[in-house]
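> Just the structure for this:
(one chain, ligands or ions: 1)
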Amino acid sequence: MIDVQNLTKRYGPATVVDGLTFTVRPGAVTGFLGPNGAGKSTTLRMMLGLTRPDTGTARIDGHAYGDLAYPLRHIGALLETSAPHRGLTARDHLRWLAQSNRIATGRVAEVLEAVGLTDAARRRTGTFSLGMGQRLGLAAALLGDPPVLVLDEPVNGLDTEGIRWLRELLRSMAAEGRTVLISSHLMTEMALVADHLVVISRGRLLADTGMSDFIERHGRSYVRVRTPEPDRLGRELEGGGATVTRVPGGGLDVVGMAAADVSRIAAAGGFPLDELGTHAGSLEETFLDVIGEGQRVPGQEGRNTHV
Ligand SMILES: Nc1ncnc2c1ncn2[C@@H]1O[C@H](COP(=O)(O)OP(=O)(O)OP(=O)(O)O)[C@@H](O)[C@H]1O
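The predicted model follows:
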């Protein structure tokens with residue numbers, strides 16, 4: 001379990017982590033979600049004793065990180081800064097880590113196998129792709145067989161197959177009763193991996209909730225209707241109390257009115273319909289709504305993402 005109490009960090013006049021309190025429980029994958037600059041990495045660094053908080057505490061199964069004699073046995077971490085020496089082979093890098101934490105070197109082969117790097121064990125890490133580097137970082141995090149895992153943006157550099165693999169790995173870690181915390185700034189990635197969500201923005205806690213509750217509570221659904229006369233139908237629907245947004249190709253996105261009512265109003269006005277359906281708002285929009293930016297993410301046009 002990770003217990004964060006009233007954690008605060010200031011850099012000059014900026015308070016980048018602002019009175020954060022939350023608990024990360026064992027047996028689940030918890031997503032630590034926030035836009036770029038929200039303070040996620042700083043919070044993780046404070047958990048790992050790499051950055052000193054101004055106030056508050058972060059405890060790993062009841063201990064401050066600095067009190068752990070062999071930290072890798074208690075908490076495995078993948079941080080953006082934890083790159084290995086490029087001249088070392090993957091196996092030598094892990095052996096060195098194992099020795100410095102009094103972990104049996106036999107464990108090195110096990111973790112290389114667990115992350116799918118057995119065939120690359122003797123390659124220098126400088127030749128690794130981003131995805132392989134992420135796998136090696138995960139291997140290092142798993143080395144001490146720790147009950148707690150903290151991974152900063154572990155999905156970075158992984159392709160779809162890699163994300164699926166990571167999800168299965170993290171799920172199995174959680175199913176074994178471990179505490180798993182992973183950060184990301186992308187809601188869509190988080191939805192693929194996490195069971196629970198801790199959402200922060202500007203260093204403050206915005207939500208601490210189950211993933212499905214989060215989507216249910218904050219997700220918006222809308223009706224997409226398409227007609228040759230979108231302007232006129234749009235006015236009719238607005239007259240009926242809906243909020244209507246034009247989309248390219250004669251489409252209208254209708255919020256605040258059920259599809260059956262849209263259909264009734266269209267039929268009454270004699271509008272031919274080329275499309276009528278209910279869609280869930282995209283996860284990214286849901287997230288942006290919650291953090292209060294209320295704007296679309298460029299390139300995230302998939303408003304009909306079903307959740
Ligand atoms: N050592 C530092 N000195 C000054 N400011 C810092 C330092 N480290 C982080 N910051 C600032 O603190 C804020 C939070 O940064 P942090 O890296 O924790 O955010 P993040 O949520 O992890 O974002 P990202 O997803 O971009 O990594 C940012 O505005 C960053 O510029």
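> Flag every residue of the stretch 101-250 of the chain that's near the ligand.
His185 (Cβ under 6 Å from any ligand atom). In short, each C-beta sits where N, CA and C put it, glycine included.
> so where is the stretch 101-250 of the chain shaky, pLDDT-wise?
Across the stretch 101-250 of the chain, nothing is flagged by pLDDT under 70.
> Which parts of it are helices?
Assigned by DSSP state H, counting those that start in this stretch, the helices in the stretch 101-250 of the chain fall at 106-114, 130-142, 160-175, 187-193, 211-218, 230-239.
> now for these, which one comes closest to Val262?
For those, the distance to Val262 is smallest for helix 230-239, at 6.4 Å, taking Cβ to Cβ.
> Show residues contacting that closest one.
Helix 230-239 has contacts (Cβ atoms under 8 Å, 6 or more residues apart in numbering) with 225, 227, 244, 246, 250-252, 254, 257, 262, 265-266, 269, 271.
> one step back: need the helices of the stretch 101-250 of the chain in a markdown table with mean neighbour count, can you?
Formatted as a markdown table, the helices of the stretch 101-250 of the chain follow (neighbours: other Cβ atoms under 10 Å):
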| stretch | mean neighbour count |
| --- | --- |
| helix 106-114 | 17 |
| helix 130-142 | 22 |
| helix 160-175 | 16 |
| helix 187-193 | 22 |
| helix 211-218 | 16 |
| helix 230-239 | 16 |
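> Neighbour-wise, which one of the contacts of helix 230-239 leads?
Among the contacts of helix 230-239, Val225 has the most neighbours (other Cβ atoms under 10 Å), with 28 neighbours.
> is it true that Leu72 lies in a strand?
No: secondary structure of Leu72 (DSSP: H, G, I helix; E, B strand; the rest coil): helix, not part of a strand.
> ok, the closest residue to it other than its chain neighbours to Phe214 distance?
Of all residues beyond its chain neighbours, the one nearest Leu72 is Gly144 (3.4 Å), with distances taken as Cβ to Cβ, 6 or more residues apart in numbering. Computed as Cβ to Cβ, to the nearest Å, the Gly144 to Phe214 distance reads 32 Å.
> same deal with Leu186?
Leu186 sits 14 Å away from Phe214, going by Cβ to Cβ.
> do Ala69 as well
To Phe214, Ala69 is 38 Å away according to Cβ to Cβ.
> again with Ala174
Ala174 is 18 Å from Phe214, by Cβ to Cβ.
> And Arg264, by the same measure?
From Arg264 to Phe214 the distance is 33 Å (Cβ to Cβ).
> and what of Arg171?
Taking Cβ to Cβ, one finds Arg171 at 18 Å from Phe214.
> Same question for Gly281.
For Gly281, the distance to Phe214 - Cβ to Cβ - is 13 Å.
> try Arg224
Distance from Arg224 to Phe214, by Cβ to Cβ: 23 Å.
> same question, Asp231
For Asp231, the distance to Phe214 - Cβ to Cβ - is 36 Å.
> Kindly report the same for Asp208.
10 Å.
> Give the intersection of the neighbour lists for these two.
Leu197, Val199.
> Let me know how buried the residue nearest to Met187 when sequence neighbours are not counted is, in neighbour terms.
Leaving aside its sequence neighbours, Met187 sits nearest to Phe287 (Cβ to Cβ, 6+ apart; 3.7 Å). By the criterion of other Cβ under 10 Å, Phe287 has 28 neighbours.
> what helix or strand is Phe287 on?
Using DSSP states H and E, the element containing Phe287 is helix 283-291.
> how about the closest residue to Asn156 other than its chain neighbours, what does it touch?
Among residues not flanking Asn156 along the chain, Gln134 sits closest, at 6.6 Å (Cβ to Cβ, 6+ apart). With contact taken as Cβ under 8 Å, 6+ apart, Gln134 is in contact with Leu78, Pro154, Asn156, Gly157, Leu158, Gly162.
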